[in-house]
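Student: Would you be able to build a 3D model of this:
(one chain, ligands or ions: 2)
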Amino acid sequence: MNEKSGIFLSVVIPVYQSASSLEALIRRLGSVLQGISAQVELILVDDGSSDGSWDLIQKAADTDARIRGLRLSRNFGQHHAIAAGLDASVGEWTVVMDADLQDLPEEIPHLLSKAQHGYEVVLGRRMHRKDVWHKTLLSTLFYRVFRYMSGFSQDPAVGNFGIYHRKVIGELVQMRESIRYFPALVHWLGFRQGTFDVQHGHSVTGKSNYGFRSRVHLGVNAVLSFSDKPLRLTVKLGFVIALMGFIFALVTLFRYFSGSIAIQGYASLIVSIWMLSGLILMTLGVVGLYVGRIFDGVKNRPLYVVAQRT
Ligand code: UDP
Ligand code: MG
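Tutor: Numbering: from 1, shown residues only. Ligands and ions are numbered 1, 2, ... in the order given. Predicted coordinates:
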């Protein structure tokens with residue numbers, strides 16, 4: 001029990017276009033939570049849905065005192081919605097899960113009991129991921145690149161679903177960086193982290209809210225904000241090319257003085273111009289991406305804007 005708030009368990013759920021799963025989610029959570037404690041709170045963060053999710057949240061909050069709703073002023077993205085929910089949560093333990101019933105409410109007691117055996121974080125490992133093949137493929141690719149770039153090897157079976165002790169949440173809410181990738185923030189914090197094998201459901205809302213592009217965008221952002229390796233690779237690449245250029249210059253000078261240069265060389269010239277220009281543009285682009293992140297960071301805007309609370 002959190003002495004100050006009296007709340008034992010908070011459940012934080014980002015909600016986006018999930019009207020079709022909300023009722024079942026709330027009903028199932030309701031009975032699961034009843035079995036755990038009376039001191040629970042359910043925080044539903046509507047991330048700018050346009051499908052009536054907010055009406056359902058309001059209705060649920062009216063009939064059930066355990067439920068609180070926040071409506072963000074627009075769509076800020078899942079990880080920002082999670083931040084909003086964590087800021088509002090007060091429980092000694094906090095669960096973060098998806099709204100589309102892919103994370104099963106019935107697993108919460110298992111996460112909790114494992115956590116109570118000496119962990120501050122217990123993450124759900126989705127044993128049999130029920131996602132379409134191209135999503136699993138893309139996420140496997142992302143985890144590979146991410147591990148290479150940031151040195152943080154995330155188990156592909158682990159997502160956001162997990163339970164976190166107040167100590168962890170207290171630190172998480174201090175991390176106000178604008179580019180957020182929740183699992184990596186949790187990993188960075190450390191503490192005693194365990195995993196628990198959970199079932200994974202099919203998405204009730206049918207299709208994912210992330211298209212291919214936003215998934216790639218999320219991945220690129222995660223890499224850029226947790227790693228400076230692309231910059232270091234750029235430096236290495238530049239070094240290798242400069243070395244090649246130096247050798248080439250020596251060879252050319254030697255040939256010049258030995259008189260073996262006939263007037264030729266259009267091909268080599270044009271090829272090196274195009275190749276080097278491409279490389280320069282690419283490396284500039286990488287630098288630009290980081291400058292963009294810095295720009296985002298120094299603006300120091302709030303992570304989200306709340307339009308309405310129940
Ligand atoms: N979500 C959100 N804002 C968004 C997109 C998603 O709050 O812009 C929430 C969504 O309601 C769900 C969770 O994030 O609770 C995961 O979304 P989704 O199921 O679409 O993603 P997937 O399971 O395909 O990764
Ligand atoms: Mg989903």
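Student: which parts of the stretch 51-200 of the chain sit against ligand 2?
Tutor: By Cβ under 5 Å from the ion, the residues of the stretch 51-200 of the chain that approach ligand 2 are Asp100, Gln102. Yep, even glycine has a C-beta here, placed from its N, CA and C like the rest.
Student: Residue numbers of the stretch 51-200 of the chain in contact with ligand 1?
Tutor: Asn75, Gly77, Gln78, Ala81, Asp98, Ala99, Asp100, Gln102 (Cβ under 6 Å from any ligand atom).
Student: The nearest residue to the fourth one once chain neighbours are set aside and Gln116: what is the separation?
Tutor: If I follow you right, that is Ala81. What sits nearest to Ala81 in space, not counting adjacent residues and going by Cβ to Cβ, 6 or more residues apart in numbering, is Pro14, at 3.5 Å. Between Pro14 and Gln116 the distance is 25 Å, computed by Cβ to Cβ, to the nearest Å.
Student: the more surrounded of those two?
Tutor: Pro14 (29 against 12; other Cβ atoms under 10 Å).
Student: Give me the pLDDT value at the more buried one.
Tutor: pLDDT, Pro14: 96.
Student: Ok, the one 3 residues further on next?
Tutor: For Gln17, the pLDDT comes out at 91.
Student: Name the residues of the helix or strand hosting Val168 that are buried.
Tutor: Per DSSP states H and E, Val168 falls inside helix 166-172. For helix 166-172, burial by neighbour count (16 or more other Cβ atoms under 10 Å) applies to Arg166, Val168, Ile169, Glu171, Leu172.
Student: How about stretch 36-46?
Tutor: Gln39, Val40, Glu41, Leu42, Ile43, Leu44, Val45, Asp46.
Student: The fourth one contacts Ile67, correct?
Tutor: Yes - Leu42 is within contact range of Ile67, at 4.7 Å (criterion: Cβ atoms under 8 Å).
Student: Mind listing the shared neighbours of those two?
Tutor: Ile26 (Cβ atoms under 8 Å, 6 or more residues apart in numbering).
Student: Please tell me how far the nearest residue to His187 once chain neighbours are set aside sits from Ile179.
Tutor: Excluding its sequence neighbours, the residue lying closest to His187 (Cβ to Cβ, 6+ apart) is Phe152, at 5.4 Å. Distance from Phe152 to Ile179, counting by Cβ to Cβ: 15 Å.
Student: ok, Lys114 - how many residues close by?
Tutor: For Lys114, using other Cβ under 10 Å, the count is 15.
Student: what pLDDT does it get?
Tutor: pLDDT, Lys114: 92.
Student: What of Glu120?
Tutor: On the pLDDT scale, Glu120 gets 95.
Student: Wait, it touches Leu172, no?
Tutor: No - in this structure Glu120 lies outside contact range of Leu172 using Cβ under 8 Å: 11.4 Å.
Student: Any regions of the stretch 151-300 of the chain where pLDDT drops low?
Tutor: 205-207 (pLDDT under 70).
Student: Which parts of the stretch 201-310 of the chain are strands?
Tutor: Ranges of strands in the stretch 201-310 of the chain, per DSSP state E, counting those that start in this stretch, are 306-309.
Student: Near ligand 2, which residues of it are found?
Tutor: So far as Cβ under 5 Å from the ion goes, the stretch 201-310 of the chain lies against ligand 2 at Ser203.
Student: in the stretch 201-310 of the chain, what residue is nearest ligand 2?
Tutor: Ser203 (4.4 Å; Cβ to the ion).
Student: can you pull the contacts of the closest residue to Met127 other than its chain neighbours?
Tutor: Leaving aside its sequence neighbours, Met127 sits nearest to Asp197 (Cβ to Cβ, 6+ apart; 5.0 Å). Residues in contact with Asp197, defined by Cβ under 8 Å, 6+ apart, are Gly124, Arg125, Met127.
Student: Adding distance to Ser139, write the buried residues of helix 166-172 out as CSV.
Tutor: Below are these laid out as CSV (distance: Cβ to Cβ, whole Å):
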residue, distance to Ser139
Arg166, 30
Val168, 24
Ile169, 25
Glu171, 26
Leu172, 22
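Student: Closest one to Gly265 out of those, please.
Tutor: Leu172 (59.6 Å; Cβ to Cβ).
Student: ok, now how distant is the residue nearest the centre of the chain from Ile108?
Tutor: Most central in the chain under Cα atoms, centre = their mean is Tyr181, positioned 2.8 Å from the mean C-alpha point. Between Tyr181 and Ile108 the computed distance is 23 Å (Cβ to Cβ).
Student: same deal with Asp131?
Tutor: Asp131 is 21 Å from Ile108, by Cβ to Cβ.
Student: Those two: which has the busier surroundings?
Tutor: Taking neighbours as other Cβ under 10 Å, Asp131 and Ile108 compare with Ile108 leading, 25 against 16.
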